[in-house]
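Q: fold the following for me, if possible:
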Amino acid sequence: MKHNKKRNTAFIYETLSRLLTESIVHKDVKRKDTILSIIKEHFRPGTILREELHLYKILLETTRIDEKMAERMLHEAKIAYAKLDSKNIFDAQSKAISDMNKKISLDVWSTFVPNFKSLASINAIFSTKASVKKKVLFEQAIINRMTDQENSSVQSPMQPIDNLTYHSFIEKFNNKYGDLLQEQKDLLNRYITSFADDGFELRVYLNEEIYRLKDAINTAAATNDEPLFDIKLKEIREYLDGFRKREFSGTDLNRVLKTQQLVKELSY
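A: Numbers count the residues shown, from 1 in each chain. This is a model prediction of the structure:
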């Protein structure tokens, strides 16, 4: 089947994610910021491409379910996709393609995406131009993958980093930040890779880590009798209490790293 990958929203997102990861690994800040701005512009909540990508991910990331559930999920995804405005999708894709060509490079479309076949299959399922025979074959292939109990846990279909890039990143990361606390390394690792997985792992980690830090600060405040230090602890508590009300930023990263260091010192 001939497939125009530039008109595949999931492929666009996966390509941007991989390019972003590479720019982080190679410490190309300017390129990272450019790619990140494109992702935020075209895939922010409320955009048509974000809605379309969500339907792709449902079929790509759902694994180890029974066949009846897989068929129902596929059916509902197709119904939801049919409700999307195809012209709006096309126009939004055109803007994203233009930004990638002009702001990054025309070479972006040669980026290797290992799950390309799955992306193309789902694109054909959603497409109104694919023949009935092709749609049925691709639908069965997707159902088989969603119900595969043996291989589904081997590799996430939307994994944003291939093994070579990932191990290279980990090596450079450990060399640079080898003297950090383990919890600081965990935070940095999730922050760096959050741009590729839409921040899911980072949010999960922060929910637990902020709770741990707040508990440690509260314990320290209860046993402290230094007025100036108590003011500082109160400031930190207020910051942590309001944490969920804003989007996580580079400033937040620095403050949480410092709070982690403070909590470690308080435990001595």
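Q: isn't N218 right up against I236?
A: No. Contact between N218 and I236 fails when scored by CB atoms under 8 Å: they sit 10.1 Å apart. Every residue, glycine included, has its C-beta placed from N, CA and C.
Q: who's more crowded, the two?
A: Neighbour count, other CB atoms under 10 Å: between N218 and I236, I236 has more, with 20 against 12.
Q: with adjacent residues omitted, what lies nearest to that one?
A: Distance criterion CB to CB, 6 or more residues apart in numbering; nearest residue to I236, sequence neighbours excluded, is I217 at 5.5 Å.
Q: list the contacts for that neighbour?
A: 233, 236-237, 240, 259, 263 (CB atoms under 8 Å, 6 or more residues apart in numbering).
Q: please, which helix or strand holds it?
A: Following DSSP states H and E, one finds I217 within helix 200-222.
Q: quick one: contacts of the host helix or strand of I143?
A: Element membership for I143, per DSSP H and E: helix 132-146. Applying CB under 8 Å, 6+ apart, the contact partners of helix 132-146 are 1, 59, 62-63, 65, 67, 70-71, 73-74, 118, 121-122, 124-125, 130, 152, 157.
Q: sorry, back to before: how far is the helix holding I217 from where the chain is centred?
A: 22 Å (CA atoms, centre = their mean, to the nearest Å).
Q: over to stretch 50-69?
A: Mean-position distance between stretch 50-69 and its chain equals 16 Å (CA atoms, centre = their mean).
Q: alpha carbons only: can I get it in PDB?
A: What follows is stretch 50-69, C-alpha atoms only, in PDB (Å, rounded to 0.1, in the frame of the first residue of the first chain):
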ATOM      1  CA  ARG A  50      -4.100  16.100  19.400                       C
ATOM      2  CA  GLU A  51      -7.600  14.600  19.100                       C
ATOM      3  CA  GLU A  52      -6.600  12.500  16.100                       C
ATOM      4  CA  LEU A  53      -3.300  11.400  17.800                       C
ATOM      5  CA  HIS A  54      -5.300  10.200  20.800                       C
ATOM      6  CA  LEU A  55      -7.200   7.800  18.600                       C
ATOM      7  CA  TYR A  56      -4.000   6.400  17.000                       C
ATOM      8  CA  LYS A  57      -2.600   5.900  20.500                       C
ATOM      9  CA  ILE A  58      -5.600   4.000  21.700                       C
ATOM     10  CA  LEU A  59      -5.000   1.400  19.000                       C
ATOM     11  CA  LEU A  60      -1.200   1.500  19.300                       C
ATOM     12  CA  GLU A  61      -0.800   1.400  23.000                       C
ATOM     13  CA  THR A  62      -3.600  -1.000  24.100                       C
ATOM     14  CA  THR A  63      -2.200  -4.500  24.600                       C
ATOM     15  CA  ARG A  64      -3.000  -7.800  26.200                       C
ATOM     16  CA  ILE A  65      -6.800  -7.600  26.000                       C
ATOM     17  CA  ASP A  66      -9.300 -10.200  24.800                       C
ATOM     18  CA  GLU A  67     -10.500 -10.200  21.200                       C
ATOM     19  CA  LYS A  68     -14.000  -9.000  22.000                       C
ATOM     20  CA  MET A  69     -12.600  -6.000  23.800                       C
END
